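*Asks:* structure here, sequence nowhere to be found:
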């Protein structure tokens, strides 16, 4: 098994995160969505400049890297408690990498005294968030590039210890 560690985002990660996102949607996404749906979700590999801009807008971006410091997963936590992205490459999906990454995001949220985390989870990610104590608020259906998709609005209230 390849050793993995979690570290903060670095600018050199942007192209790798684009590849992680594309691989996760196009390969792992097929476990719950049709080929047409995953193609609408990720029609092409995203622009690294867009990932760099997201990472610099104040959100926390954590990256799981292999022994060669190559990202295999990443997660984003916005200042308001929104988990916008949590993606793992197909070869590490289901190995606990996403769970460990989520745990680090939640730890950071607690350190910053956030009261609630929320997410729009894919069908695949829904299982992870349920296992982490999230409550499903509702299933959401939406049209993306002319294709009907769905996800789940979910939330988790955090207990913030008194100062």
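*Replies:* Yep, that arrived. Not measured: the values here are computed from a predicted model. Numbers count the residues shown, from 1 in each chain.

*Asks:* where are the low-confidence patches of the chain?
*Replies:* Applying pLDDT under 70 to the chain flags the ranges 1-3, 160-163.

*Asks:* in the chain, which helix has the most residues?
*Replies:* helix 97-111 (DSSP state H).

*Asks:* count of neighbours near residue 101?
*Replies:* Residue 101 sits with 24 neighbouring residues when counted by other Cβ atoms under 10 Å. Where you see a C-beta, it was placed from the backbone N, CA and C, and this is true even at glycine.

*Asks:* parallel or antiparallel, list what pairs with whichever helix or strand comes after the longest helix of the chain.
*Replies:* Later in the chain than helix 97-111, the nearest helix or strand by DSSP states H and E is strand 116-121. Strands that pair with strand 116-121, judged by DSSP bridges, come out as strand 82-88 (parallel), strand 147-157 (antiparallel).

*Asks:* in a markdown table, list those strands along with distance to residue 56.
*Replies:* Shown next, in a markdown table, are these (distance: least, Cβ to Cβ, whole Å):
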| stretch | distance to residue 56 |
| --- | --- |
| strand 82-88 | 14 |
| strand 147-157 | 26 |
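
*Asks:* highest mean neighbour count out of those?
*Replies:* strand 82-88 (a mean of 21; mean count of other Cβ atoms under 10 Å).

*Asks:* and stretch 109-129, end to end?
*Replies:* Distance across stretch 109-129, first residue to last, is 15 Å (Cα to Cα, to the nearest Å).

*Asks:* cheers, nothing more for now.
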